[in-house]
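> Any chance you can model this:
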Amino acid sequence: MAIKPGYFPAFFRRFSLILAFLLPAGLLCAADPDNDTLRASSSHVEKVAGKEGKFNAGELILDHIGDSHEWHIAGQGEHTVAIPLPVILYSKRGLSIFLSSHLEDGSKGFKFEKKADGTHKMIALDASGNEDEEVSASIYDLSITKNVLAIFVTMGLMLWVFLSAANAYKRAPGKAPKGLQSFIEPLIIFVRDDIAKSAIGEKKYMRYLPFLLTVFFFIWFSNMLGLIPFFPFGANVTGNIAVALTLAVIVFVITTLSGNANYWKHIVAMPGVPVGVLVLLTPIEIIGIFLKPFVLMIRLFANILAGHIIALSFFCLIFIFAEMNTGLGLGVSVLSIAFTVFMGMLELLVAFLQAYVFTLLAAMYFGSATEEHAHAEHH
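This is a model prediction of the structure:
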């Protein structure tokens with residue numbers, strides 16, 4: 001079934017509105033100033049090399065899967081190739097905007113400092129170079145970190161893909177799709193027919209289709225771009241707990257606001273169930289309301305994060321064994337590269353699968369919230 005000429009532009013108008021709401025929420029969460037996965041640009045080398053100059057696989061993996069105030073491309077030490085990203089801070093001093101390279105020496109009055117518990121925190125410095133605790137407590141970090149940059153790139157790619165396809169439908173209405181259209185149309189029809197219609201129903205699916213399409217392509221594009229080595233490139237967007245949480249919260253809000261009388265009746269007092277059983281069943285159902293989005297968040301976050309960790313672990317084996325013996329490192333490299341390539345191919349499948357599963361479960365939650373129940377009367 002082809003997409004009607006007027007369908008795509010109408011969809012895209014609603015798509016854009018939800019996109020404008022979805023992404024800024026994720027951006028603000030991803031830029032959490034107390035996120036212990038954030039790394040200052042000056043800490044990259046010492047974390048990878050370790051205190052004694054030895055290769056530290058654990059710190060390398062954490063550095064890759066975590067967020068950062070810089071876009072690290074290649075190299076270590078004096079040969080590091082990295083692009084500093086904008087730091088945007090709002091505090092009692094007002095709005096401060098500068099490049100992350102100034103966080104190393106605190107020349108702009110702010111520094112990204114490692115705390116005793118191993119986490120990192122943005123602090124303000126006074127004239128003598130010591131921490132100004134009063135200003136530090138008032139800092140709101142809205143910086144363009146690596147993950148935030150990756151979200152912007154994903155958003156730009158989505159806008160380009162769908163605007164191009166929409167314009168192609170306008171230029172040639174009623175004609176068979178070609179080029180980018182022929183790639184996008186089957187995916188839209190797949191989400192519409194196999195996810196939205198089947199889970200929500202023929203009558204109500206169009207109300208939720210823009211969001212389902214938005215979240216499907218956002219997760220899929222982010223996952224695919226995260227597999228490119230030099231993407232802000234290589235960014236672990238959906239493997240960031242803040243982004244996964246934002247998506248899950250949006251699904252929770254839509255489900256809660258969409259719930260009809262039958263939905264809430266089955267949550268609070270399921271028909272046909274004895275009162276004594278309801279004492280136990282009702283709290284379980286209420287907990288389930290919050291458990292569903294939590295499961296959505298954990299499934300997406302854990303699967304994407306685990307894929308990155310496993311692939312990097314195989315790659316790190318080369319350097320671990322090379323420190324023991326050069327020949328041993330070369331021998332292990334054959335197996336490590338083979339397993340890394342295998343994991344990369346598997347991640348291509350997981351990238352699509354996680355987008356599909358998240359979208360399908362969201363549609364099922366929407367369908368259960370809007371479903372009409374007909375109960376026979378018992379005499």
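> And for residue 278, nearest residue in space, chain neighbours not counted?
Setting aside the residues directly before and after it, residue 278 is nearest to residue 269 in space (C-beta to C-beta, 6 or more residues apart in numbering), at 5.8 Å. Where you see a C-beta, it was placed from the backbone N, CA and C, and this is true even at glycine.
> next one: residue 333
Residue 333 sits nearest to residue 318 (C-beta to C-beta, 6+ apart), 4.5 Å away.
> Same check on residue 201?
Closest residue to residue 201 apart from its sequence neighbours, by C-beta to C-beta, 6+ apart: residue 367 at 6.4 Å.
> what sits against the one you found?
199-201 (C-beta atoms under 8 Å, 6 or more residues apart in numbering).
> now those residues as CSV including secondary structure, pLDDT and distance to residue 352?
Below are those laid out as CSV (DSSP: H, G, I helix; E, B strand; the rest coil; pLDDT from 0 to 100; distance: C-beta to C-beta, whole Å):
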residue, secondary structure, pLDDT, distance to residue 352
199, helix, 90, 18
200, helix, 91, 21
201, coil, 87, 25
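> So residue 359 is in contact with residue 218, correct?
No - applying C-beta atoms under 8 Å, one finds residue 359 not in contact with residue 218, separated by 9.9 Å.
> shaky segments in the stretch 1-150 of the chain?
1-53, 63, 74-80, 114-119 (pLDDT under 70).
> what's the helix or strand for the most centrally placed residue in the chain?
Centre of the chain computed as the mean C-alpha position; nearest residue by C-alpha atoms, centre = their mean is residue 238, 2.3 Å away. Following DSSP states H and E, there is no helix or strand that holds residue 238.
> Just list the residues touching it, thanks.
By C-beta under 8 Å, 6+ apart, residue 238 lies in contact with 219, 222-223, 226, 244, 300-301, 304, 354.
> can we see that at 6 Å?
Residues near residue 238 by C-beta atoms under 6 Å, 6 or more residues apart in numbering: 219, 222-223, 300, 304.
> I'd like the distance between it and residue 308.
10 Å (C-beta to C-beta, to the nearest Å).
> hang on, the earlier thing: which helices and strands does the strand or helix carrying the residue nearest to residue 333 pack with?
In this structure, residue 318 is located in helix 275-324 according to DSSP H and E. With contacts defined as 3 or more C-beta pairs under 6 Å, 6 or more residues apart in numbering; DSSP states H and E, helix 275-324 has these neighbours: helix 57-65, helix 241-258, helix 326-370.
> Pick the most buried one from those.
Looking across those with neighbours counted as mean count of other C-beta atoms under 10 Å, the highest average goes to helix 241-258: a mean of 20.
> chain center to the helix or strand following it, what's the gap?
Sequence order places helix 261-268 as the next helix or strand after helix 241-258, per DSSP H and E. Distance of helix 261-268 from its chain centroid, counting by C-alpha atoms, centre = their mean, to the nearest Å, is 32 Å.
> Could you do stretch 177-187 as well?
Per C-alpha atoms, centre = their mean, the displacement of stretch 177-187 from the mean C-alpha position of its chain is 25 Å.
> same deal with stretch 56-70?
For stretch 56-70, the distance to the chain centre is 17 Å (C-alpha atoms, centre = their mean).
> can you tell me the distance between the two ends of that stretch?
Using C-alpha to C-alpha, to the nearest Å, one end of stretch 56-70 lies 20 Å from the other.
> Residue 123 looks like it's in a helix, true?
No - in this structure, residue 123 is strand, not part of a helix, as judged by DSSP: H, G, I helix; E, B strand; the rest coil.
> where's it relative to residue 112, distance?
Distance from residue 123 to residue 112, by C-beta to C-beta: 8 Å.
> which ones are touching the residue nearest to residue 333?
Residue 318 sits next to 329, 332-333, 336 when contact means C-beta under 6 Å, 6+ apart.
> which one of the residues you listed is nearest residue 275?
residue 336 (61.7 Å; C-beta to C-beta).
> show me what contacts the closest one?
Listed by C-beta under 6 Å, 6+ apart, the contact partners of residue 336 are 314, 317-318.
> try it again with 10 Å
With contacts defined as C-beta atoms under 10 Å, 6 or more residues apart in numbering, the neighbours of residue 336 are 313-321, 329.
> want to throw these into a markdown table with distance to residue 343 and pLDDT?
Listed next are the contacts of residue 336 as a markdown table, based on distance: C-beta to C-beta, whole Å; pLDDT from 0 to 100:
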| residue | distance to residue 343 | pLDDT |
| --- | --- | --- |
| 313 | 9 | 82 |
| 314 | 7 | 80 |
| 315 | 9 | 77 |
| 316 | 13 | 80 |
| 317 | 12 | 82 |
| 318 | 14 | 81 |
| 319 | 17 | 80 |
| 320 | 17 | 81 |
| 321 | 18 | 80 |
| 329 | 20 | 74 |
